[in-house]
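Undergrad: please find the sequence and the predicted model below.
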Amino acid sequence: MGRKRGEPMVLDMPGGLFGQEDVRETTSTETGGTSTQYFSIAGVGFRPTDEEIVYQVANGSISHDVNDGNKAFRASVELPHGAVVTAVVVFSDNTGDNWTMARQTNDGGTQVTMAAAVGGTEDTSITSATIDNQNFTYRLQAVSDNSENIDGARITYTI
């Protein structure tokens with residue numbers, strides 16, 4: 001036996017009614033705070049930007065063949081819509097290897113660098129930090145210098 005929403009709450013007590021129209025129903029809403037999450041990409045999740053790059057995979061890392069200069073590798077970043085990126089780092093054997101995280105309009109137009117640093121250095125000064133999957137795609141690009149390994153990446157975000 002329940003009561004319908006909006007009906008006054010009544011408690012039958014000897015000697016009369018108690019609480020008619022005096023007791024109100026309260027709804028508790030959970031106040032959700034933000035939580036820190038991590039998105040990790042193994043080195044093997046990166047792929048060469050040029051089909052001509054000869055690369056090798058070993059122990060979860062990726063590198064290009066011998067000392068043939070700087071070569072770029074990319075990895076797709078797939079974070080929840082509305083997430084706020086707070087830090088990015090790409091791990092590599094060489095602290096001279098540069099990396100960037102960028103977003104680009106879905107139509108392949110304008111690209112904006114969100115974060116950038118050298119291998120092993122975390123960037124916390126993120127530009128356009130809120131993920132907007134409706135209008136943008138996201139990716140990491142790392143440049144490997146003379147066959148150095150790209151070991152992986154970590155993106156810290158809140159949601």
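TA: Happy to help now that I have it.

Undergrad: got the phi and psi for V44?
TA: Here is the backbone geometry of V44 (degrees, to the nearest 10): phi -70, psi -10.

Undergrad: in three-state terms, label the closest residue to it other than its chain neighbours for me.
TA: Closest residue to V44 in three dimensions, ignoring its sequence neighbours and counting by C-beta to C-beta, 6 or more residues apart in numbering: V57, at 5.2 Å. Any C-beta I mention is one placed from the backbone N, CA and C, and that applies to glycine too. Using DSSP: H, G, I helix; E, B strand; the rest coil, the secondary structure recorded for V57 is strand.

Undergrad: what about the residue nearest to the spatial centre of the chain, helix or strand, and which?
TA: Residue closest to the average C-alpha location in the chain (C-alpha atoms, centre = their mean): L79, at 4.0 Å. Using DSSP states H and E, L79 falls within no helix or strand.

Undergrad: that one contacts Y138, correct?
TA: Yes - contact criterion C-beta atoms under 8 Å: L79 and Y138 qualify, at 6.8 Å.
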